[in-house]
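>>> Structure of the sequence below:
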Amino acid sequence: MEEKIISLFVLLLFGHFTYAQSYRSEDVLFSSAKDSITYGGTLTIPSGKGSFTAIVVVSGTGKQDRDGTMGGHKIFQDIADGLSKNGYAVLRLDDRGVGKTTGVYEKATTLDFANDALAAVAYLCGRKEINAKKIGLLGHSEGGIAISIAASNSKQVAFLISIAGLASNGLDALIRQNRDLVANAQLPDYDKARSNQINELMFQTAYKYADSANMEAKLNETYNLWKVKDDAYFKTLNQPFDHFRFPIYSYLKMATSSWYRFFIQYNAVKTLAQIKVPVLALNGDRDLMVAGKENLQHWKEYTRQGGNSDVETMLIPNLNHLFLPCVTCNQAEIPKIKAGFSDVAMKLMINWLKKRF
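I've put the predicted structure just below:
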């Protein structure tokens, strides 16, 4: 079954949506039972008495604050505001090494981020305002992997919401992401081809030697062999100057990190097949970082392999990776976009939650 493509007109037909409820915000600090990390975040709780369904927001790649401040937009704050006005408690956290959260982000892997999410779930279980049986995770981008790992390892997670969340194997995700970015770049076709070639050679080498102590040497060897052939190829183009550069030194530093070694080996098929809880997965169709149709298909297919059929996927038109309306949809455009987090995506999340919780 293909993912649904939602228009605002269709959306208005299948559910009532309103921003009606007030809520309170509370800055919180708590520690993990597994390690020495102290987490700082903001918990928004709907007004009134009740045992509320709660959502933990899990960020994507790169050090982010609790508000999800990216390109001048506070994506996670927008999400928390919309959900809490509609009756759901939301906990959003500073990443490791950011704000009030301790730890070193650069030494962490996606598995560590999954454990951070579970530490947040454990904290919420101890809050009297929260229904401990109705705590879910909302993951953005790489956060889609983190929430998948968390749900596969814990029975305390009641549901998952993925917003541009990865549901692909790590190696496949890197190849697809870079092909999409190259295709959107202002480069001549011959440089696009060169970029795709060296990227994929390096990714395949990193994958093969991810557990090896001589990974850096193998990457240098791969690059040097390619460079000889590429220099000879460029001479046949009769161009006056070669503008193309592969960032070999920065790539080596990233590729040999613990995070990259874990990420490139991530097995989405194995992990998603272990998820037994309801899943809502949303993507924008103009996302250059996480391929929408491909990843939504994976959310359905891989979870179904484990017997989970309660997975709903939606592809939303004209949205970028941050769920903002876009034209060029590249990184440079983001600070120029005036709109906030997609109202259509917010409605989809709230209607899906109301049907189940």
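>>> next structured bit after the one helix or strand in the chain whose mean pLDDT sits lowest?
Least confident element among the helices and strands of the chain, by mean pLDDT, DSSP states H and E: helix 8-13 (a mean of 37). Tracing the chain past helix 8-13, the next element assigned as helix or strand by DSSP states H and E is strand 23-31.
>>> Could you tell me how far that next one lies from the centre of the chain?
Remark: strand 23-31 is offset 23 Å from the chain centroid, using Cα atoms, centre = their mean, to the nearest Å.
>>> what do you get for stretch 294-305?
16 Å.
>>> Buried residues, it. List them.
295-303 (16 or more other Cβ atoms under 10 Å). Where C-beta positions appear, they are placed from N, C-alpha and C, glycine not excepted.
>>> What of stretch 326-335?
Buried residues in stretch 326-335 (16+ other Cβ under 10 Å): 326, 329-331, 334.
>>> Would you point out the most distant pair within these?
Pairwise distances across those peak at 10.5 Å for Cys326 and Gln331 (criterion: Cβ to Cβ).
>>> all helices of the stretch 101-250 of the chain, in order?
Taking DSSP state H, counting those that start in this stretch to define them, one finds helices in the stretch 101-250 of the chain at 110-125, 143-153, 170-184, 189-208, 215-235, 248-255.
>>> repeat for the stretch 251-357 of the chain
Taking DSSP H, counting those that start in this stretch, the helices of the stretch 251-357 of the chain run over residues 258-264, 268-272, 292-304, 343-356.
>>> burial measure for Asp189, as a count.
7 (other Cβ atoms under 10 Å).
>>> same question, Ala213
Neighbour tally, Ala213, other Cβ under 10 Å: 8.
>>> I'd guessed Leu348 sits against Leu282; true?
Yes - counting by Cβ atoms under 8 Å, Leu282 is a contact partner of Leu348 at 6.1 Å.
>>> Overlap of the contact sets of these two?
Common contacts of Leu348 and Leu282 (Cβ atoms under 8 Å, 6 or more residues apart in numbering): 314, 316.
>>> Who has more neighbours out of the two?
Leu282 (28 against 24).
>>> List the contacts of the more buried one.
By Cβ under 8 Å, 6+ apart, the contact list for Leu282 reads 161-164, 313-314, 316, 323, 345, 348-349.
>>> For those residues, work out which two are farthest apart.
Thr313 and Phe323, at 14.9 Å, using Cβ to Cβ across these.
>>> More neighbours: these two, which one.
Shown here are Thr313 and Phe323; by other Cβ under 10 Å, Phe323 has more neighbours (27 against 23).
>>> right, and that one touches Asp343 too?
No - counting by Cβ under 8 Å, Asp343 is not a contact partner of Phe323; they are 9.7 Å apart.
>>> and Phe246, what is it in contact with?
Phe246 sits in contact with 195, 198, 202, 223, where contact means Cβ under 8 Å, 6+ apart.
>>> Name the nearest residue to the last one, ignoring sequence neighbours.
Computed as Cβ to Cβ, 6 or more residues apart in numbering, the closest residue to Tyr223 that is not its neighbour in sequence is Ile248, at 5.4 Å.
>>> Compute the number of surrounding residues for that neighbour.
15.
>>> Thr222 is in contact with that one, correct?
No - the criterion here is Cβ under 8 Å, and Ile248 misses it with Thr222 at 10.1 Å.
>>> any shared contact partners between these two?
What both Ile248 and Thr222 touch, as defined by Cβ under 8 Å, 6+ apart, is an empty set.
>>> Identify the residue nearest the geometric centre of this structure.
Nearest residue to the geometric centre of the chain (Cα atoms, centre = their mean): Ser141, 1.2 Å.
>>> Now do that one against Lys133, distance only.
28 Å (Cβ to Cβ, to the nearest Å).
>>> go on, Lys338?
Lys338 is 40 Å from Lys133, by Cβ to Cβ.
>>> Between the two, tell me which one has more neighbours.
Shown here are Lys338 and Lys133; by other Cβ under 10 Å, Lys133 has more neighbours (11 against 8).
>>> quick one: the more buried one and Val157 touch, right?
No - under the criterion of Cβ under 8 Å, Lys133 is not in contact with Val157, lying 10.7 Å apart.
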